[in-house]
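Chemist: predicted model and sequence follow; I will ask about them next.
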Amino acid sequence: MANPIKIVLAEDEPALGQIIKESLETRNFKVLLCENGDIAFKTYLAESPELLVLDVMMPKKDGFTLAKEIRALDNAIPIIFLTAKSQTQDVVEGFTIGGNDYLKKPFSIEELIVRVNNLLNRTKEQKHLDIFHIGNYTFHFPKQTLQFKNEKSIQLTHREAQLLFHLQKNKNKVLDRSIILNKLWGNDDFFNARSMDVFITKLRKKLKQDSNIQIINVRGFGYKLIY
């Protein structure tokens with residue numbers, strides 16, 4: 001049997017943390033349960049996990065702050081947020097920081113396991129993906145960077161890189177709004193749709209140096225990248 005995949009779980013509710021830990025470990029994951037953000041950061045540094053599950057509201061260091069610190073060191077590790085918050089601004093903030101997914105409490109353990117496996121599989125796939133030329137930009141998807149001509153590369157968030165990748169793969173075609181929301185956000189509810197609109201706006205700004213590149217809103221259907 002292969003070595004278990006290592007996950008850092010930061011959750012300050014002991015009962016919930018133990019349930020998640022035991023459930024994941026029955027699926028051949030090794031779960032390092034941490035009661036606050038400080039311990040989770042130290043564990044991340046010491047153990048080199050393959051995925052992080054972070055509660056947003058924690059003592060000493062909240063999940064968003066922890067994710068920012070980790071993203072400053074590591075652009076690739078998948079991060080799932082656990083949150084009792086469901087306001088659009090909180091969801092958007094989580095993705096902007098560099099989160100890959102989120103689950104609103106209460107959630108089913110089975111749903112968490114599906115999200116964990118999907119992210120791990122997606123991460124494996126991304127390691128084999130190539131570099132794309134979008135107009136005068138070079139988009140390095142595995143590194144999540146965007147470079148205009150010979151200028152310095154800018155770093156994209158995970159969600160920006162994922163969205164741009166799918167727009168590029170469907171270049172000159174309409175990227176179905178519902179399909180991409182379900183694929184990247186987990187479902188196509190109102191909050192996620194608002195979040196996607198925010199990320200489209202951010203990508204437009206980052207691609208504005210090449211006037212031939214456009215991300216067009218096809219009302220009622222989705223978005224189209226043309227250049």
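Modeler: Great, that's in hand. Residues are numbered from 1 along each chain as shown.
Chemist: ok, residue 122 to residue 95 distance?
Modeler: Between residue 122 and residue 95 the distance is 15 Å, computed by CB to CB, to the nearest Å. In this view, the C-beta of every residue, glycine as well, is placed from N, C-alpha and C.
Chemist: please apply the same query to residue 9.
Modeler: Remark: distance between residue 9 and residue 95 (CB to CB) = 20 Å.
Chemist: same question, residue 204
Modeler: When distance is defined by CB to CB, residue 204 is 17 Å away from residue 95.
Chemist: more neighbours, those two?
Modeler: Set side by side, residue 204 and residue 95 show more neighbours around residue 95, with 26 against 12, by other CB atoms under 10 Å.
Chemist: helix or strand with the lowest mean pLDDT in this protein?
Modeler: Using mean pLDDT, DSSP states H and E, helix 88-97 stands out as the lowest-scoring helix or strand of the chain, at a mean of 79.
Chemist: contacts for that helix?
Modeler: The set of residues external to helix 88-97 that reach it, using CB atoms under 8 Å, 6 or more residues apart in numbering, is 56, 64, 67-68, 71, 81, 83, 85, 102, 157-159, 191-192, 194-195, 198-199.
Chemist: one more time with 6 Å
Modeler: Counting by CB atoms under 6 Å, 6 or more residues apart in numbering, helix 88-97 makes contact with 64, 67, 68, 81, 102, 159, 191, 194, 195, 198, all of which sit outside it.
Chemist: assign the fifth one to helix, strand or coil.
Modeler: Remark: residue 102 carries the secondary structure label strand [criterion: DSSP: H, G, I helix; E, B strand; the rest coil].
Chemist: now swap in the last one and tell me
Modeler: For residue 198, the secondary structure call by three-state DSSP comes out as helix.
Chemist: pLDDT below threshold where in this structure?
Modeler: Scanning the chain for pLDDT under 70 picks out the ranges 1-2, 86-88, 125-130.
Chemist: which residue, other than its chain neighbours, is closest to the residue positioned nearest the centre of the chain?
Modeler: The C-alpha lying nearest the average C-alpha coordinate of the chain belongs to residue 100 (CA atoms, centre = their mean; 1.6 Å). Leaving aside its sequence neighbours, residue 100 sits nearest to residue 78 (CB to CB, 6 or more residues apart in numbering; 4.7 Å).
Chemist: thinking again about what came up before, which of the contacts of helix 88-97 are buried?
Modeler: Burial by neighbour count, judged by 16 or more other CB atoms under 10 Å, picks out 64, 67, 81, 102, 159, 191, 195, 198 from those.
Chemist: tell me the phi and psi of the fifth one?
Modeler: Spelled out, that is residue 159. Backbone torsions for residue 159, taken as degrees, to the nearest 10, come to phi -70, psi -40.
Chemist: which parts of the protein are helices?
Modeler: Here the chain has its helices, by DSSP state H, at 14-25, 37-47, 63-71, 88-97, 109-126, 158-169, 177-180, 190-206.
Chemist: walk me through the domains of the chain.
Modeler: Annotated domains of the chain cover 5-126, 131-226 [automatic domain parsing].
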